[in-house]
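Undergrad: Sequence below, structure please.
(chains A and B)
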There are 2 protein chains.
Amino acid sequence: MKARVYVAMKKTVLDPQGQAICTALNRHGHTSISEVRQGKYFEIEIDGATDAQAELDEIAREVLSNPVIEDYRVELIA
Amino acid sequence: MKARVYVAMKKTVLDPQGQAICTALNRHGHTSISEVRQGKYFEIEIDGATDAQAELDEIAREVLSNPVIEDYRVELIA
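TA: Model (predicted):
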């Protein structure tokens, strides 16, 4: 079974990397870009788990993200 | 208008970071995880572009990804 876990800074947390990209894009002529926030995602192959959703939630919360400053989202594909 | 750009290593390119995460998860008892590949994504706010899809394609290709080793995907949201 394939799954994706998306991890991004919480909306309330400053994302300097995204801001830098936004500034750079504006300077390169892409003036219609008003905000960029960067996150990361993980494509995970999971087989034979009794409860894939629960296991992925645990992995996302405890390994892949820092819940103090980041939000995560788990998406089961097939 | 909101859009997301996903950038990940091409399937044919080795992803050592993903492999390290996979090994670590297995060692932590998550033995049902057989593969992890890591990518990044960008949440972009774009306003007043005449052709948002085309502009985002250009940004993804020329700024956000390295087309030699990475694939990208653009997703317009609303």
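Undergrad: show me what contacts A:Pro67?
TA: A:Arg61 (CB atoms under 8 Å, 6 or more residues apart in numbering or on different chains). Heads up, the C-betas are built off the backbone N, CA and C, glycines and all.
Undergrad: Where does it sit: helix, strand or coil?
TA: coil (DSSP: H, G, I helix; E, B strand; the rest coil).
Undergrad: From A:Asp57, how far off is A:Glu45?
TA: 17 Å (CB to CB, to the nearest Å).
Undergrad: now do A:Glu43
TA: From A:Glu43 over to A:Asp57 the distance is 17 Å, taken as CB to CB.
Undergrad: Look at those two and report which has more neighbours.
TA: A:Glu43 (19 against 14; other CB atoms under 10 Å in any protein chain shown).
Undergrad: Report the secondary structure element holding that one.
TA: Assigning secondary structure by DSSP states H and E places A:Glu43 in strand A:33-46.
Undergrad: That strand: partners in the sheet, and parallel or antiparallel?
TA: strand A:2-9 (antiparallel), strand B:33-46 (antiparallel) (DSSP bridges).
Undergrad: Go through the longest one and flag the buried ones.
TA: Of the residues in strand B:33-46, those buried under the neighbour-count criterion (16 or more other CB atoms under 10 Å in any protein chain shown) are B:33, B:36-44, B:46.
Undergrad: My read is that A:Lys10 contacts A:Ser65, right?
TA: No. Between A:Lys10 and A:Ser65 there is no contact, the gap being 10.2 Å when judged by CB atoms under 8 Å.
Undergrad: Which one's more surrounded, those two?
TA: The neighbour comparison of A:Lys10 against A:Ser65 (other CB under 10 Å) goes to A:Ser65, with 21 against 13.
Undergrad: Contacts only, for the more buried one.
TA: A:7, A:71-72.
Undergrad: Buried members of the residues you listed into ChimeraX, please.
TA: Selection of buried members from these for ChimeraX, criterion 16+ other CB under 10 Å:
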select /A:7,72
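Undergrad: hang on, the earlier thing: hey, what's in contact with both of A:Lys10 and A:Ser65?
TA: A:Asp71.
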